[in-house]
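Visitor: take a look and give me a structure for this.
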Amino acid sequence: MAGPDTAGEGTAAPSSQALDALEAQAVALDAAASPPAPGAPGQAEPVPALDTAAELLGVLELLRMMAGPAMTWWPDFGQVWSDAQIRQIAQAGGAVIDRHGWAVGGLMSTWGPYLGLAAATLPPAAATYAAMRQHRAEQAARRWVEEAELPDQPEDAEGVRP
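Guide: As a prediction, this is how the structure comes out:
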């Protein structure tokens, strides 16, 4: 069983920069929810808001980390869903999200349960699909061997007419 240090073979853990940015956003949201009394000493400096692309990058890295163990049958998963590819998707997706005035947090609150269901269903579904594919391949190989073992009947044998 993979521990917290091992996110799964072939997958990269979310970058600490993205996690730090998410933590900074959480601190900023907590500070905004309970503002200090006016003129209170030790008032914290405002934490810069996390940009949409960085927020989306954190979500995509988390999804990749969750999907990685289910994709062990695909040796190129790590190359196809590389850090560079995830960053490009996050940049482009962040621009679309900003253009429409959406928020990643809002999207996750709406679609998060569905993504969670997909993440929970994907590993057993992928294993079932692989097992079915293996079973069909074994059946086809057995049929091929059985057909190869049948003796050839010569065409000029008695009782056989072309």
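
Visitor: which SSE is G112 in?
Guide: Following DSSP states H and E, one finds G112 within helix 104-149.

Visitor: show me what that helix is packed up against.
Guide: Taking 3 or more C-beta pairs under 8 Å, 6 or more residues apart in numbering; DSSP states H and E as the contact definition, the neighbouring helices and strands of helix 104-149 are helix 52-67. Glycine gets a C-beta too; all of them are placed from N, C-alpha and C.

Visitor: circling back to that earlier point, quick one, the helix holding G112 and helix 52-67 angle?
Guide: Between the axes of helix 104-149 and helix 52-67, defined by axes from the mean of the first three to the mean of the last three C-alpha atoms, to 10 degrees, the angle is 30 degrees.

Visitor: if we go by neighbour counts, what in the helix or strand hosting Q17 is buried?
Guide: Secondary structure here is read from DSSP H and E; on that basis Q17 sits in helix 16-33. Burial within helix 16-33, assessed by neighbour count using 16 or more other C-beta atoms under 10 Å, is assigned to 18, 21-22, 25, 28.

Visitor: redo these as JSON lines? Include pLDDT and distance to Q85.
Guide: Compiled in JSON lines, those are given as follows (pLDDT from 0 to 100; distance: C-beta to C-beta, whole Å):
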{"residue": "A18", "pLDDT": "75", "distance to Q85": "15"}
{"residue": "A21", "pLDDT": "79", "distance to Q85": "19"}
{"residue": "L22", "pLDDT": "78", "distance to Q85": "20"}
{"residue": "Q25", "pLDDT": "80", "distance to Q85": "24"}
{"residue": "A28", "pLDDT": "76", "distance to Q85": "29"}
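
Visitor: can you put the residues you listed in JSON lines and add distance to A130?
Guide: Conversion of these to JSON lines gives the following (distance: C-beta to C-beta, whole Å):
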{"residue": "A18", "distance to A130": "31"}
{"residue": "A21", "distance to A130": "37"}
{"residue": "L22", "distance to A130": "34"}
{"residue": "Q25", "distance to A130": "39"}
{"residue": "A28", "distance to A130": "44"}
